[in-house]
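[1] Got a sequence here, can you build the structure:
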Amino acid sequence: MGQDISQIDSTDIQKMLHKFGKLDEDNSGALSANEFMRIPELTSNPLVERVIDIFDSDGNGEVDFTEFIRGMNSFASKGDTQHKLRFAFDIYDIDKDGYITNAELFHVLKMMVGNNLLDDQLQQVVDKTIIYSDK
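    Predicted coordinates:
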């Protein structure tokens, strides 16, 4: 998510700084997974771990303010469509190799459906999706 943050409006950055400050309980300058979970929209989201992993672009286990701005901008209604699409793709591209494998799609969908589908049923959905969508 190497989005150029210089394109983000300064008013939006100030709002995000305020939100970031409220979430950063220990004032470390970075958000831990627990602090990140205080974002109401993510609290009950089954993909929250994937979202945190995508925000944490340097892979150090925490989300600093620059990473936070880039990630939050992906959700903004006036954000760039390409960045939104990249974010959605990155949810499924667990190993970050630029491809969504059958196993990655299964894993993410399993997070979403939990035990509402048997693994065999879910695998059928994954297989059909890959066949239909793969180019």
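[2] Give me the contact list for the helix or strand of the chain with the lowest mean pLDDT.
    Least confident helix or strand of the chain, by mean pLDDT, DSSP states H and E, is helix 40-43 with a mean of 80. Residues external to helix 40-43 that are found in contact with it (C-beta atoms under 8 Å, 6 or more residues apart in numbering): 36-37, 48, 51. For glycine as for every other residue, the C-beta is placed from the backbone atoms N, C-alpha and C.
[3] mind running it again at 7 Å?
    Residues from elsewhere that reach helix 40-43 (C-beta atoms under 7 Å, 6 or more residues apart in numbering): 37, 48, 51.
[4] Let me see the backbone angles for the first one.
    Comment: the main-chain dihedrals of Met37 come out as phi -70, psi -10, following degrees, to the nearest 10.
[5] How is the residue positioned nearest the centre of the chain assigned, secondary-structure-wise?
    Centroid check for the chain by C-alpha atoms, centre = their mean gives Val51 as the closest residue, at 2.4 Å. Following DSSP: H, G, I helix; E, B strand; the rest coil, we place Val51 in the helix state.
[6] Tell me where this structure has helices.
    10-23, 33-36, 40-43, 48-55, 65-75, 81-92, 102-113, 119-133 (DSSP state H).
[7] And the second one, what's buried?
    The neighbour-count check on helix 33-36 (16 or more other C-beta atoms under 10 Å) flags 35-36 as buried.
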